[in-house]
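[1] Give me a model of this one.
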Amino acid sequence: MAKESDKYSIKTIEKGFLILDYISEQNHPVSLQEISDATQLNNNMAFRLLVSLVNSGYVKKDNYANLYSISLKSLKLSRNALHSVEIRKISMPYMEMLWSQYPKANINLAVYYQGEVLVIGRIDSQNLPRTYFTPGRVLPFHCSGLGKILTCTLPEKEIDELISKGLKQYTVNTITDEKKLKENLLQVRAEMVGRDRNEFIAGDNCSAVPILGKDGNIIAGLSLSALDNYMSEQEVENTIPKLKETAQRISSTLGYNSGFSF
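    Take a look at the predicted model:
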């Protein structure tokens with residue numbers, strides 16, 4: 001049965017966004033045929049929509065290679081979306097206060113959105129940043145502190161779906177065994193601390209804690225990360241109480257008022 005909103009839906013625009021979504025998810029320029037195959041649109045329709053997207057400035061075309069990629073204009077939309085997120089607006093002042101106590105560390109903020117761990121806020125270390133957790137970046141759920149804290153309370157079926165997509169090994173410490181990962185997530189859930197100790201980036205340690213919404217559910221993750229050169233693994237571990245305190249303040253500001261203590 002058709003939804004009420006379907007009466008007002010403009011299918012051509014929906015198809016255009018389908019193409020835009022596909023191109024934005026690729027890490028390389030794509031051809032008309034690739035777009036047509038992935039979106040299940042015929043070549044003629046896909047081409048006409050691509051012309052419109054190119055003319056509007058949201059997609060750019062390499063006329064020599066006949067390949068398409070996302071333009072800087074599309075990135076402006078992402079930037080504006082990130083700035084409009086309420087969690088980010090509220091969290092940034094608290095993140096800055098935390099960073100002032102640990103200037104050698106990076107302070108990160110992420111959410112779980114449509115099966116992905118998405119970074120929405122970041123304050124870089126006073127040292128040269130090398131971990132590149134820039135806003136908009138997607139992190140692996142199984143080997144990042146933020147990924148673990150944001151997925152540790154998900155239903156097992158949803159975790160199984162994430163695992164089915166593959167557990168890529170990034171370092172020698174990355175957990176790639178399904179059983180060990182589930183055991184690790186249970187520990188994260190019990191402690192409400194997600195740890196990444198050289199699991200995602202060699203030489204980088206990270207601790208993450210949850211930010212809770214009005215209903216007590218996890219709505220975001222806050223983390224502190226640093227390279228071994230600047231903070232030792234134990235020093236990163238020692239910041240967890242302050243990290244929890246900061247997350248508690250953010251949660252309270254967002255409406256969670258049960259006086260919780262992680």
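[2] So what's the residue count around Ser24?
    15 (other CB atoms under 10 Å). Using the backbone N, CA and C atoms, a C-beta is placed for each residue, glycine as well.
[3] which residue packs closest to it, ignoring adjacent ones?
    Using CB to CB, 6 or more residues apart in numbering and skipping residues adjacent in sequence, the residue nearest Ser24 is Ile70, 5.1 Å away.
[4] What values do phi and psi take at the one you found?
    Per-residue torsions, Ile70: phi -70, psi 140 (degrees, to the nearest 10).
[5] Can you tell me how far it is from Pro241?
    Distance of Ile70 to Pro241, computed by CB to CB, to the nearest Å: 41 Å.
[6] With neighbour numbers in mind, choose between those two.
    Higher neighbour count among Ile70 and Pro241: Ile70, with 19 against 10, using other CB under 10 Å.
[7] Contacts only, for the more buried one.
    For Ile70, the contacting residues are 20, 23-24, 58-60, by CB atoms under 8 Å, 6 or more residues apart in numbering.
[8] And the residues you listed, which is the shakiest by pLDDT?
    Among those, Ser24 carries the lowest pLDDT, at 83.
[9] what about the closest residue in space to Pro140 that isn't next to it in sequence, distance to Pro210?
    Nearest non-adjacent residue to Pro140, counting by CB to CB, 6+ apart: Gly147, 5.8 Å away. Distance, Gly147 to Pro210, using CB to CB: 12 Å.
[10] now Ile107
    15 Å.
[11] Residues in a beta bridge with the residue nearest to Ser24, which ones?
    Legend: beta-bridge partners of Ile70 under DSSP bridges are Val59.
[12] for stretch 233-241, which positions count as buried?
    236, 239-240 (16 or more other CB atoms under 10 Å).
[13] Show me the contact partners of that stretch.
    Under CB under 8 Å, 6+ apart, the answer for stretch 233-241 is 102, 105, 193, 197, 205-207, 209, 224-226.
[14] hmm, try it at 7 Å
    102, 193, 197, 205, 207, 224, 226 (CB atoms under 7 Å, 6 or more residues apart in numbering).
[15] Just the closest of the residues you listed to Gln126, please.
    Tyr102 (9.8 Å; CB to CB).
[16] burial measure for the closest one, as a count.
    Tyr102 has 21 nearby residues by other CB under 10 Å.
[17] I'd guessed it sits against Tyr230; true?
    No - counting by CB atoms under 7 Å, Tyr230 is not a contact partner of Tyr102; they are 9.7 Å apart.
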